[in-house]
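**Q** any chance you can model this:
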Amino acid sequence: MRLLGRGDLPREVGVLAVIAFVVALGFGIVAPAIPIFARNFGVGTTAVGLAVSAFAFFRFVSAFSGGTLVERFGERVVLTAGLGIVAVTTGLAGLASNFPVFLALRAAGGVGSAMFTVSALSLLLRVAPPSHRGRAAATWQGGFILGGIAGPAAGGLLAELSPRLPFFLYAGFLLVAGAVGLALLRTAPTATDPGEVPVQSGPDLDAGPVSLRTAFRSRVYIAALIANLGVGWVLFGVRNSLVPLYVTEELGRTVAWAGAGLLAGSLAQAIALLGSGRLVDGWGRRPSLILGSTIATASMAILVLPPAIGAFLFSMALFGVAASLLASAPAALVGDVSPARGGRVVAVFQMSADLGAVAGPLVAGWLTDVASFQVAFAVSAVVLGAGLLSALAMRPQKRATAA
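**A** Numbering: from 1, shown residues only. Purely as a prediction, here's the structure:
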């Protein structure tokens, strides 16, 4: 057992954050090249969209199996294998000579991505004691945010040189990340918490992996799932699919303004992450989740108002602040529910965000076609509001000595 100072994070958290940065940087580099490369096969727009969504869909449907693998073989093995699968399939995708092969390799990459994400988050929550889980989740998420900001700019330039080049570069980044994980993520003991921390009351779940049936009986876990669904719906779905169209068609501005709004949200989230983890650990999971869900719901409600570029930019920045809390509090709650190696519990948590990312753009796009952008944003606010209600339904926190 390892003793941590109050300001310290386990070494594994830093390693996972570095891996997250490298993975997000590489993904950002390859993302702009995917539609261009798919177009080179002479396929239509629908097929191009399929090439993009195949990765996300297979990531979603294989996440639960990834959780089972974590419980059987351990986080380090599954994480390294997952990164290896994505690296190999991405490199081969860059060599693909026809669209069906390219599509199949993208789908297989989604399986490896699920293995990596579930195992990394499971390890993160296991090694971080209760008093550090919010900061650990914020640190890990910060790696993704910074990599996601830096990657797309370089990816666009590389795709102009050759649409195949970003695939090879991303594969190389993944191999580096896998090597870092294999070398530095040794078998990690559960850290010992030196003090008291606000945690959710519940049964003693330290004996081993928590069953899904037990987790689903917990209001804490349900609140984390609903909040994560909302994050996936807006942050990974509606924001990327609907916002550019809203800016160009409703606000009458150029795509550059859409990019400015997305950048404002990412920067606000990155800055707010510096304090959100400490807030979750010090103030408590429940109040932090209530605050984050309230701000997120309000940010979408702003877009229901008459269109204005200033309101749009403010909404994006406001949601970025909310996303920093919603990246930390729900993950910390899952760690409280399943402090041991909870692969399947973590997998379902991740699947809730992926479900939102898949359903959000489809529902919001349909609502925009049959009604308006404002109706689509209003429904998105309702989804986020459901996370607020679930947070309010949680029992108030009490102080407990963390073990």
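
**Q** got a list of what E250 touches?
**A** Counting by C-beta atoms under 8 Å, 6 or more residues apart in numbering, E250 touches 307, 373. Quick note: C-beta positions are derived from backbone N, CA and C, even for glycine.

**Q** ok, it to R285 distance?
**A** Distance, E250 to R285, using C-beta to C-beta, to the nearest Å: 37 Å.

**Q** check S299 too.
**A** In terms of C-beta to C-beta, S299 sits 21 Å off from R285.

**Q** likewise L50?
**A** L50 is 39 Å from R285, by C-beta to C-beta.

**Q** and what of V176?
**A** Relative to R285, V176 is positioned 34 Å away (C-beta to C-beta).

**Q** who has more neighbours out of the two?
**A** The neighbour comparison of V176 against R285 (other C-beta atoms under 10 Å) goes to R285, with 30 against 17.

**Q** go ahead and confirm that one touches G335.
**A** No - between R285 and G335 there is no contact under C-beta atoms under 8 Å: 9.6 Å.

**Q** low-scoring pLDDT stretches of the stretch 51-200 of the chain, where are they?
**A** Within the stretch 51-200 of the chain, the stretches with pLDDT under 70 are 153, 156, 186-200.

**Q** now do the helices in it.
**A** Using DSSP state H, counting those that start in this stretch, the helices found in the stretch 51-200 of the chain span residues 75-95, 99-127, 133-161, 165-184.

**Q** which of those helices is buried the deepest?
**A** When these are scored by mean count of other C-beta atoms under 10 Å, the highest mean neighbour count falls to helix 99-127 (a mean of 24).

**Q** which strands or helices does that one pack on?
**A** helix 11-30, helix 33-39, helix 45-73, helix 75-95, helix 133-161, helix 309-337, helix 343-370 (3 or more C-beta pairs under 8 Å, 6 or more residues apart in numbering; DSSP states H and E).

**Q** can you tell me which of those is nearest to A393?
**A** helix 309-337 (12.9 Å; C-beta to C-beta).

**Q** report the distance from that closest one to the chain centre.
**A** The chain centroid and the centroid of helix 309-337 are separated by 11 Å under C-alpha atoms, centre = their mean, to the nearest Å.

**Q** isn't V15 right next to L182, touching?
**A** No - checked against C-beta under 8 Å, the pair V15 and L182 is beyond contact range at 10.8 Å.

**Q** give me every residue that touches T297.
**A** Going by C-beta under 8 Å, 6+ apart, T297 touches 381, 384-385, 387-388.

**Q** okay, those residues in a markdown table with pLDDT, neighbour count and secondary structure next?
**A** Shown next, in a markdown table, are the contacts of T297 (pLDDT from 0 to 100; neighbours: other C-beta atoms under 10 Å; DSSP: H, G, I helix; E, B strand; the rest coil):
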| residue | pLDDT | neighbour count | secondary structure |
| --- | --- | --- | --- |
| A381 | 97 | 21 | helix |
| L384 | 97 | 29 | helix |
| G385 | 97 | 18 | helix |
| G387 | 96 | 28 | helix |
| L388 | 97 | 23 | helix |
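
**Q** where does F377 fall, secondary structure wise?
**A** Using DSSP states H and E, F377 maps to helix 373-392.

**Q** so which other helices or strands are in contact with that helix?
**A** Using 3+ C-beta pairs under 8 Å, 6+ apart, the elements in contact with helix 373-392 are helix 219-233, helix 285-302, helix 343-370.

**Q** Throw the contacts of T297 into CSV and include distance to L305, thanks.
**A** Compiled in CSV, the contacts of T297 are given as follows (distance: C-beta to C-beta, whole Å):
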residue, distance to L305
A381, 11
L384, 16
G385, 16
G387, 21
L388, 19
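
**Q** what about R278, how many residues close to it?
**A** Neighbours of R278 under the rule other C-beta under 10 Å: 15.

**Q** what's the closest non-adjacent residue to it?
**A** Excluding its sequence neighbours, the residue lying closest to R278 (C-beta to C-beta, 6 or more residues apart in numbering) is R135, at 6.0 Å.

**Q** hmm, L146 is touching L267, no?
**A** No - applying C-beta under 8 Å as the test, L146 and L267 come out as separate, 10.5 Å apart.

**Q** of the helices of the stretch 51-200 of the chain, which is nearest F319?
**A** In terms of C-beta to C-beta, the element of these nearest to F319 is helix 133-161, at 13.4 Å.

**Q** distance between the closest one and the chain's centre?
**A** From the chain centre to the centre of helix 133-161 is a distance of 12 Å (C-alpha atoms, centre = their mean).

**Q** that one - contacts with which helices or strands?
**A** For helix 133-161, the elements it packs on are helix 11-30, helix 33-39, helix 99-127, helix 165-184, helix 255-282, helix 309-337, judged by 3+ C-beta pairs under 8 Å, 6+ apart.

**Q** and of these, who's closest to I290?
**A** Closest to I290 of those is helix 309-337 (C-beta to C-beta; 9.0 Å).

**Q** still on that earlier bit, tabulate the helices and strands packed on helix 99-127 in a markdown table, adding columns for distance to A223.
**A** Listed next are these as a markdown table, based on distance: least, C-beta to C-beta, whole Å:
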| stretch | distance to A223 |
| --- | --- |
| helix 11-30 | 24 |
| helix 33-39 | 35 |
| helix 45-73 | 20 |
| helix 75-95 | 25 |
| helix 133-161 | 15 |
| helix 309-337 | 7 |
| helix 343-370 | 11 |
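
**Q** before we move on, back to that, among the helices of the stretch 51-200 of the chain, which comes closest to F236?
**A** Nearest to F236, of the helices of the stretch 51-200 of the chain and by C-beta to C-beta, is helix 133-161 at 10.7 Å.

**Q** need the CA coordinates for stretch 115-130. PDB is fine.
**A** Output in PDB follows, covering the C-alpha atoms of stretch 115-130 (Å, rounded to 0.1, in the frame of the first residue of the first chain):
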ATOM      1  CA  MET A 115     -10.200  -1.600 -24.900                       C
ATOM      2  CA  PHE A 116      -7.800   1.300 -24.300                       C
ATOM      3  CA  THR A 117     -10.400   3.700 -22.900                       C
ATOM      4  CA  VAL A 118     -12.100   1.300 -20.500                       C
ATOM      5  CA  SER A 119      -8.800  -0.100 -19.200                       C
ATOM      6  CA  ALA A 120      -7.200   3.400 -18.700                       C
ATOM      7  CA  LEU A 121     -10.200   4.800 -16.800                       C
ATOM      8  CA  SER A 122     -10.500   1.600 -14.700                       C
ATOM      9  CA  LEU A 123      -6.800   1.900 -13.700                       C
ATOM     10  CA  LEU A 124      -7.100   5.600 -13.100                       C
ATOM     11  CA  LEU A 125     -10.000   5.200 -10.700                       C
ATOM     12  CA  ARG A 126      -8.400   2.200  -8.900                       C
ATOM     13  CA  VAL A 127      -5.000   3.800  -8.200                       C
ATOM     14  CA  ALA A 128      -6.500   7.200  -7.100                       C
ATOM     15  CA  PRO A 129      -7.800   7.300  -3.500                       C
ATOM     16  CA  PRO A 130     -11.200   9.000  -2.900                       C
END
